[in-house]
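Participant: have a look; sequence and predicted model below, questions after that.
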Number of protein chains: 2
Amino acid sequence: MSLEELRDECVQSLRADHERGASQLARMALGYLAEAARDASITDVATLRSELDHLARDLAAARPSMAPIANLVARWRAAVAGLAADELAPARAAYVEQAQALVAQSQQAALEAARRAAARIPSGATILTHSLSSTVAEALHLLQGRATVIFTESRPRLEGHRLGRWLSAAEMTGQMITDAQLGHFAAQADVALVGADAVLADGAIVNKVGTYLLALAARDHELPFYVCYESFKRTTATSEETSLEEMDPAELSPPELPGILTRNVYFDVTPARLVTAWIDEDGSIEEWSAG
Amino acid sequence: MSLEELRDECVQSLRADHERGASQLARMALGYLAEAARDASITDVATLRSELDHLARDLAAARPSMAPIANLVARWRAAVAGLAADELAPARAAYVEQAQALVAQSQQAALEAARRAAARIPSGATILTHSLSSTVAEALHLLQGRATVIFTESRPRLEGHRLGRWLSAAEMTGQMITDAQLGHFAAQADVALVGADAVLADGAIVNKVGTYLLALAARDHELPFYVCYESFKRTTATSEETSLEEMDPAELSPPELPGILTRNVYFDVTPARLVTAWIDEDGSIEEWSAG
């Protein structure tokens, strides 16, 4: 495979994955960089460097609503830019190592954020969540035997089914609902807990579409609304600047009707005023301050 | 078919219809009463009366979340109870006539409520709605050429597809969204308009699940939230007393998972404090007062 084909394939697979969350896809992007660094048919360091840079830029732009992809890739680029490697083999090894180190750092951060989130949930609580966040799944795992979960199926990709399988395998109990039942079931919950695809400069949360509705229902029921995420999710964009990806309407199998446009926006923005606490690996805050 | 079989069939068809709204099903229930009154193999008025009474009671109980079924059937029972018919043929005719008169009255009331709702929508407005209400559809029809519609597909039965076909056939324009996008698209709307399956004694609205989320999003965006309905939708039950039907979870094709219960509650309750105006055939009010 040529480097160009590899680049296209990596970008396409990030773009086509409508089920995995931002953290997992960001780590996949680092995996692609490591793979290219190790295997690319290249004979000099300068070409390797420029090809990987090209791949990194394309990966960073592949999923604009998912902050950690651009953030982790940028971290990787900054790290390898500082490396003084003149020989090909040690350059390859160093690039791979940097990618792996960042994957580990991201995983560690998510786990710590999950630990901090779990610590805030009272024993015996019923947790209401939406979509599938790997960080939230970690937090739920830590609460095994001490919490029950109400979760949405999450149209259109039904990643709620995956969360259900995961909870069931972990011998946890829960109720799966349609997205439209989020409001009705808020009355049965003690706390709302979600992940994030991005945490904006103004503290607003970009997450799977419907999260904003969950936040409104939580506020109306006086439930705390917690967001937990690794700090790689933070971006400098504000709510006005953020880009919300829209996917192919064919995913919704709509009838073809003149005059009727089917919309499939995947993310929404939950403003900071609806968030009770932002929980990352460094701690949790109840009041957002920019910067 | 025996009268018992007919009764079962009528009740089953009301129960199994998860797409039509409460008004349409209430009129269907009156149609069943008319059909039974006309065709039942019965030889005396007393038996006809008692059999129809039995059918009426069963129909009234078939869909507990849908107030107009019980209300219209009760009105029909009250009307025929006052009829002094000793002969079978004129009794049949009178029972049929009463049912038809109530169907016409219900249709007239819904149309008038729709007219009043349409009159409140400013020209050029974008209307956000959820599920499929025949009364809302009438209101939209009256706004043809002067409004555009954002509407949900409405899981699980996708009655939004039917609304889309209807709008398209009426040469109206609109955007169809998943239920979870209701919050995101509130920013594009000028007004929220829904029907009701029941209007409770405290002014709360029972409607397709997700309506409460729409009302929350409307409030958060400072959009008026209008409910339009024929007054047969009103009940004496309060939010605490109302019964929200739950359908077979198999409709959601969930994976079978130990410990995980799939819920399919069809309706939710939108409290009066989220309603901007209640619009029925007699007028519209901005402040609910019981009774």
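Facilitator: The structure has been received and is ready for your questions.
Participant: got the contact list for the closest residue to residue A:111 other than its chain neighbours?
Facilitator: In this structure, residue A:111 finds its nearest non-sequential neighbour in residue A:138, 5.9 Å apart by C-beta to C-beta, 6 or more residues apart in numbering or on different chains. Backbone N, C-alpha and C define where each C-beta goes, glycine included. Applying C-beta atoms under 8 Å, 6 or more residues apart in numbering or on different chains, we find residue A:138 in contact with A:110, A:111, A:114.
Participant: let me see the confidence value for residue A:138.
Facilitator: pLDDT, residue A:138: 96.
Participant: do the one 3 residues further on as well
Facilitator: On the pLDDT scale, residue A:141 is placed at 95.
Participant: so it touches residue A:170, yeah?
Facilitator: Yes - under the criterion of C-beta atoms under 8 Å, residue A:141 makes contact with residue A:170 at 5.9 Å.
Participant: what distance do you get for residue A:275 to chain B?
Facilitator: Using C-beta to the nearest C-beta, to the nearest Å, we find residue A:275 at a distance of 14 Å from chain B.
Participant: re earlier: how close does the residue nearest to residue A:111 get to chain B?
Facilitator: In terms of C-beta to the nearest C-beta, residue A:138 sits 19 Å off from chain B.
Participant: and residue A:121, how far from chain B?
Facilitator: For residue A:121 relative to chain B (C-beta to the nearest C-beta), the value is 18 Å.
Participant: show me the contacts for that residue.
Facilitator: So residue A:121 contacts A:127, A:139, A:143, A:147, A:191, A:193 (C-beta under 8 Å, 6+ apart).
Participant: inside strands: which ones of those residues?
Facilitator: Using DSSP state E, A:127, A:147, A:191, A:193 are the members of these that sit in strands.
Participant: chain B: which of the residues you listed is nearest?
Facilitator: Ranked by distance to chain B (C-beta to the nearest C-beta), the ones in strands among the contacts of residue A:121 are led by residue A:147 at 12.6 Å.
Participant: tell me the contacts of the nearest residue to the closest one once chain neighbours are set aside?
Facilitator: Nearest non-adjacent residue to residue A:147, counting by C-beta to C-beta, 6+ apart: residue A:125, 5.1 Å away. By C-beta under 8 Å, 6+ apart, the contact list for residue A:125 reads A:143, A:146, A:147, A:148, A:190, A:191.
Participant: what's the closest of the ones in strands among the contacts of residue A:121 to residue A:232?
Facilitator: residue A:193 (19.1 Å; C-beta to C-beta).
Participant: related to what we said a few turns ago, so what pLDDT did the residue nearest to residue A:147 get?
Facilitator: On the pLDDT scale, residue A:125 gets 98.
Participant: same question for residue A:291.
Facilitator: According to the prediction, residue A:291 has pLDDT 52.
Participant: now swap in residue A:238 and tell me
Facilitator: 91.
Participant: surely it touches residue A:202?
Facilitator: Yes - assessed by C-beta under 8 Å, residue A:238 is found in contact with residue A:202 at 5.0 Å.
Participant: one step back: from the contacts of residue A:138, pick the one nearest chain B.
Facilitator: Distances from chain B to the contacts of residue A:138, taken by C-beta to the nearest C-beta, are shortest for residue A:114, at 20.7 Å.
Participant: element containing the closest one?
Facilitator: Residue A:114 is part of helix A:88-120 when elements are defined by DSSP states H and E.
Participant: could you list every helix and strand in contact with that helix?
Facilitator: helix A:22-39, helix A:45-62, helix A:67-81, helix A:134-142, strand A:225-228, strand A:277-280, strand A:283-285 (3 or more C-beta pairs under 8 Å, 6 or more residues apart in numbering or on different chains; DSSP states H and E).
Participant: now do the contacts for residue A:286.
Facilitator: A:276, A:277.
Participant: for chain A, which spans come out with low pLDDT?
Facilitator: A:1, A:290-291 (pLDDT under 70).
Participant: tell me the domain ranges of it?
Facilitator: Split into domains by automatic domain parsing, chain A comes to A:3-110, A:113-285.
Participant: so of those, which one's packed in deepest?
Facilitator: The highest mean neighbour count among those, using mean count of other C-beta atoms under 10 Å in any protein chain shown, belongs to domain A:113-285: a mean of 21.
Participant: quick check on the closest residue to residue A:265 other than its chain neighbours: phi, psi?
Facilitator: Residue nearest to residue A:265 in three dimensions, not counting chain neighbours: residue A:246, with 4.8 Å by C-beta to C-beta, 6+ apart. Backbone torsions of residue A:246, given as degrees, to the nearest 10, read phi -120, psi 130.
Participant: test my guess that residue A:246 contacts residue A:262.
Facilitator: No - at 10.5 Å, residue A:246 does not count as touching residue A:262 under the criterion of C-beta under 8 Å.
Participant: of the contacts of residue A:125, closest to residue B:61?
Facilitator: Distances from residue B:61 to the contacts of residue A:125, taken by C-beta to C-beta, are shortest for residue A:148, at 32.9 Å.
Participant: how near is the closest one to residue A:124?
Facilitator: According to C-beta to C-beta, to the nearest Å, residue A:148 stands 8 Å off from residue A:124.
Participant: equivalent analysis for residue A:202, please.
Facilitator: For residue A:202, the distance to residue A:124 - C-beta to C-beta - is 35 Å.
Participant: contact partners for residue A:100?
Facilitator: A:30, A:34.
Participant: and the gap between it and residue B:18?
Facilitator: According to C-beta to C-beta, residue A:100 stands 52 Å off from residue B:18.
Participant: and what of residue A:234?
Facilitator: 44 Å.
Participant: cool, residue A:56 as well?
Facilitator: Counting by C-beta to C-beta, the gap from residue A:56 to residue B:18 is 50 Å.
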